[in-house]
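Visitor: sequence and predicted structure below; questions after.
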Amino acid sequence: MKFRHIVPTIKETTAAYYEKNLRSHIVPVFGEKQISAITRFDVESFLAERARMYCRNTLRGMRVSLGRVMSWAVQCDWLEKNPCAGVKLPYAEKKISRIILLPEQIVAIAKRLSEPYSTLVLFLAVTGLRISEAIGIKWADLEGDVLRLSRRIYEGKSGSMKNATSARSLPIPASLLARMKTLGDGEWVFRSRAGSPINPGNALKRYVRPTVQELGIKLGGWHDFRHTLATRSLKKWPTKVVSEILGHSDVVTTLKVYQHIETEDFRGPLNELAVELLRDVTKSPSASVSNTDSKEDGAEART
């Protein structure tokens, strides 16, 4: 099941995403099967089996990746119909849970890590960048204190941003910029000893995860720093501002993914309404009725 004919027609990072899914999930199952022999039932059975182990987003990636290959086969007249067309994702019990970190937890992690990972953690926590965007930053992308984001690195390959709105400009706070400059000269801001961009998977496994385990802090992955920034910012700043910082294509994504309502969030609105409606009320109607009944009962007793 080859993908090389499709790769030149799409972005490198997108191609790398498809190839990763094909290599990890699709080829082990369908690799020895004739493409013309793959049916809709095969696809549905495959996704149903994987639903016991993976979340819906991962299942969607599998379906899309296989679907692109099948679509190409249809265009080549090897198939009459794409067997992935119209296939719905099965319910997936498992899902990715994101952690909202406390400021003191982020500081503790940064203090324990060596460079450049210590500054990278602080950078992600302050800017909310995706890890693929952060490791793709070059010193040349900075104009004064303004960072011009124009690339990301996925699976070791440099490519364009996820979408048009992801290519954005962010002012970097002076204290963070000063910290970044201590990393020294080089083409890439966050780089390995060899001078190349750091490998986020290796960095997470070798440095970050052991550190959070020692500190007793729960961390799902790099995205938790972005998730924390987004969730906390939505409580203080306009949604449009937060959405632009994150590089989302629309505010719906920002609200749907990052806005979490907690019980404590209800306290303010309810208290405000209570003060407004009850401040001039000295007694409840039931209490007034009860007091009136008591007086009447007493009068009848005296009579």
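Guide: Received, thanks.

Visitor: show me which positions of stretch 54-66 end up buried.
Guide: Using 16 or more other Cβ atoms under 10 Å as the test for burial, stretch 54-66 gives 54, 58-59, 61-63, 65-66. No exception for glycine: its C-beta is placed from N, CA and C like everyone else's.

Visitor: remind me which residues of the stretch 151-300 of the chain are low pLDDT?
Guide: The stretch 151-300 of the chain contains residues with pLDDT under 70 at 261, 281-300.

Visitor: one step back: secondary structure and pLDDT for the buried residues of stretch 54-66 - can I get that in TSV?
Guide: Below are the buried residues of stretch 54-66 laid out as TSV (DSSP: H, G, I helix; E, B strand; the rest coil; pLDDT from 0 to 100):
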residue	secondary structure	pLDDT
54	coil	86
58	helix	89
59	helix	92
61	helix	92
62	helix	94
63	helix	95
65	helix	92
66	helix	94
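
Visitor: which of those residues lies closest to residue 102?
Guide: Residue 102 has its nearest neighbour among those in residue 58, at 28.5 Å by Cβ to Cβ.

Visitor: with adjacent residues omitted, what lies nearest to that closest one?
Guide: Nearest-residue entry for residue 58: residue 50, 7.8 Å, with adjacent residues in sequence omitted and distances by Cβ to Cβ, 6 or more residues apart in numbering.

Visitor: neighbours of the one you found, how many?
Guide: Taking other Cβ atoms under 10 Å as the criterion, the count of residues near residue 50 is 17.

Visitor: just checking, it touches residue 62?
Guide: Yes. With contact defined as Cβ atoms under 8 Å, residue 50 counts as touching residue 62 (6.5 Å).

Visitor: show me what the helix or strand residue 20 falls within packs onto, helices and strands only.
Guide: Assigning secondary structure by DSSP states H and E places residue 20 in helix 12-21. With contacts defined as 3 or more Cβ pairs under 8 Å, 6 or more residues apart in numbering; DSSP states H and E, the secondary structure elements packing on helix 12-21 are helix 56-75, strand 152-154, strand 157-159.

Visitor: if we can go back for a sec, list residues touching both of residue 50 and residue 62?
Guide: residue 25 (Cβ atoms under 8 Å, 6 or more residues apart in numbering).

Visitor: OK, contacts around residue 177?
Guide: Neighbour list for residue 177: 142, 145 [criterion: Cβ under 8 Å, 6+ apart].

Visitor: show me how far whatever helix or strand it lives in is from its chain's centre.
Guide: In this structure, residue 177 sits in helix 174-181 according to DSSP H and E. Centre-to-centre, helix 174-181 and its host chain are 25 Å apart (Cα atoms, centre = their mean, to the nearest Å).

Visitor: repeat that for stretch 138-154.
Guide: Taking the mean of its C-alpha atoms, stretch 138-154 sits 21 Å from the chain's own mean (Cα atoms, centre = their mean).

Visitor: check which residues of it are buried.
Guide: Neighbour counts using 16+ other Cβ under 10 Å place 138, 141-142, 147, 149-154 of stretch 138-154 among the buried residues.

Visitor: got it, and stretch 183-201?
Guide: Neighbour-count burial for stretch 183-201, with 16+ other Cβ under 10 Å as criterion, is recorded at 183, 188-191, 197-198, 200.

Visitor: show me these that map onto helices.
Guide: Under the assignment DSSP state H, these contribute residue 200 to helices.

Visitor: quickly note the distance from the closest residue in space to residue 85 that isn't next to it in sequence to residue 209.
Guide: In space, residue 85 comes closest to residue 67 once its chain neighbours are excluded; the distance is 7.4 Å by Cβ to Cβ, 6+ apart. As defined by Cβ to Cβ, to the nearest Å, residue 67 lies at a distance of 33 Å from residue 209.

Visitor: neighbour count winner among the two?
Guide: When residue 67 is set against residue 209 and neighbours are counted by other Cβ under 10 Å, the residue ahead is residue 67, at 17 against 13.

Visitor: now do the contacts for the more buried one.
Guide: Residues touching residue 67, when contacts are defined by Cβ under 8 Å, 6+ apart, comprise 82, 84-85.

Visitor: and the residues you listed, which of them are buried?
Guide: Neighbour counting over those (16+ other Cβ under 10 Å) leaves 82, 84 as the buried ones.

Visitor: reformat the contacts of residue 67 as CSV; add secondary structure, distance to residue 128 and pLDDT.
Guide: Rendered in CSV, the data for the contacts of residue 67 read as follows (DSSP: H, G, I helix; E, B strand; the rest coil; distance: Cβ to Cβ, whole Å; pLDDT from 0 to 100):
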residue, secondary structure, distance to residue 128, pLDDT
82, coil, 37, 95
84, coil, 34, 95
85, coil, 36, 93
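
Visitor: all set now, cheers.
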